[in-house]
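Engineer: Fold the following, please.
(one chain, ligands or ions: 1)
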Amino acid sequence: MILLFTDASPFARKCRVLIEELGVADSIELRDVGALSPLDANDMACAQGPLGKVPILIRPLAASLYDSSVICEYINYANQAAAFPVEGEARWRALRLQALADGMMEAAVAMRYDTSFRKNTPHADQWHERQTARLLASVKTLDERVGSFRAIPTIGEISVACALGYLDLRFGNLSWRRGRQSLEKWFSSFSERPSMVVTAPKTPNINSTQELTLETI
Ligand SMILES: N[C@@H](CCC(=O)N[C@@H](CS)C(=O)NCC(=O)O)C(=O)O
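Structural biologist: Numbers count the residues shown, from 1 in each chain. Model (predicted):
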């Protein structure tokens with residue numbers, strides 16, 4: 001199988017962290033699609049699906065899969081792993097946590113695009129304020145819930161770590177750690193896991209107010 005990804009994509013990192021956590025990296029080749037921007041179709045990504053977004057999992061003799069949630073559930077299923085609890089409240093807890101983290105990634109990635117591609121549009125400041133408020137409210141909620149996070153991570157904890165990692169990569173000026181010591185402590189410890197270390201973006205940290213190039217989503 002082949003996972004199409006970009007270095008900075010938090011959605012792709014979610015899949016890569018899960019792959020590492022499950023110890024199945026040998027069975028999935030990673031292929032960087034290179035420049036990726038909502039302004040230009042990426043040939044490699046578009047060849048596998050109409051949305052043309054990464055991550056995409058190319059399976060031999062079966063349809064390619066997207067998006068990150070579907071890919072993660074498939075990888076978990078194919079390896080009979082437990083990152084997606086099968087039943088009970090544990091399942092809804094993990095899926096809800098994943099949904100919260102995915103929403104954070106969506107808001108952050110959208111702001112990243114907006115900063116460079118749609119400057120000076122009507123309501124731009126208001127829109128940015130709304131996304132920032134959404135991110136900070138999410139961080140507050142996570143800080144309150146961190147006591148329920150599992151020591152053996154589910155897709156929920158993995159997603160949260162990738163969302164926070166993306167905030168550090170692109171939105172350092174958000175200072176999400178301020179007043180959120182419990183979440184900060186958890187993230188600091190989670191970041192030391194080998195799965196996080198090997199998937200850490202090589203792309204340099206760029207503040208959201210700086211110019212975006214095609215490679216620096
Ligand atoms: N819901 C999708 C979001 C994927 C996504 O937005 N990926 C970004 C990179 S972080 C992308 O491919 N952007 C290219 C574009 O919007 O054309 C998922 O969970 O995989």
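
Engineer: Residue numbers of this structure in contact with the ligand?
Structural biologist: Residues of the chain lying close to the ligand by CB under 6 Å from any ligand atom are 9, 11, 36, 38, 52-55, 67-69, 102, 109, 217. The way it works is simple: take the backbone N, C-alpha and C, and place the C-beta from them, glycine included.

Engineer: and with 8 Å instead?
Structural biologist: The chain comes close to the ligand at residues 6, 8-12, 14, 36-38, 41-42, 45, 51-55, 66-69, 71, 102, 105-106, 109, 113, 217, as judged by CB under 8 Å from any ligand atom.

Engineer: and the longest helix along the chain, how far out from the chain's middle?
Structural biologist: Assignment by DSSP state H gives helix 88-117 as the longest helix of the chain. Distance, stretch centre to chain centre, for helix 88-117: 7 Å (CA atoms, centre = their mean, to the nearest Å).

Engineer: pLDDT of it, averaged?
Structural biologist: For helix 88-117, mean pLDDT is 93.

Engineer: A110 and H128 touch, don't they?
Structural biologist: No - counting by CB atoms under 8 Å, A110 stays clear of H128, with 9.9 Å between them.

Engineer: what secondary structure does L4 sit in?
Structural biologist: strand (DSSP: H, G, I helix; E, B strand; the rest coil).

Engineer: Pull the number of nearby residues for it.
Structural biologist: Number of residues near L4 (other CB atoms under 10 Å) recorded here: 27.

Engineer: Tell me what it is bridged to.
Structural biologist: As for beta bridges, L4 partners with R31, I56 under DSSP bridges.

Engineer: that older thread, and the residues of the chain next to the ligand, which are buried?
Structural biologist: Among the residues of the chain next to the ligand, the ones that count as buried by 16 or more other CB atoms under 10 Å are 6, 8-12, 14, 36-37, 42, 45, 52-55, 66-69, 71, 102, 105, 109, 217.

Engineer: on that earlier part again, in helices, which of the residues of the chain next to the ligand appear?
Structural biologist: Short answer: these in helices (DSSP H) are 10-12, 14, 45, 68-69, 71, 102, 105-106, 109, 113.

Engineer: ok, which pair from these is furthest apart?
Structural biologist: Farthest apart among those by CB to CB are I71 and Y113. That separation is 21.8 Å.
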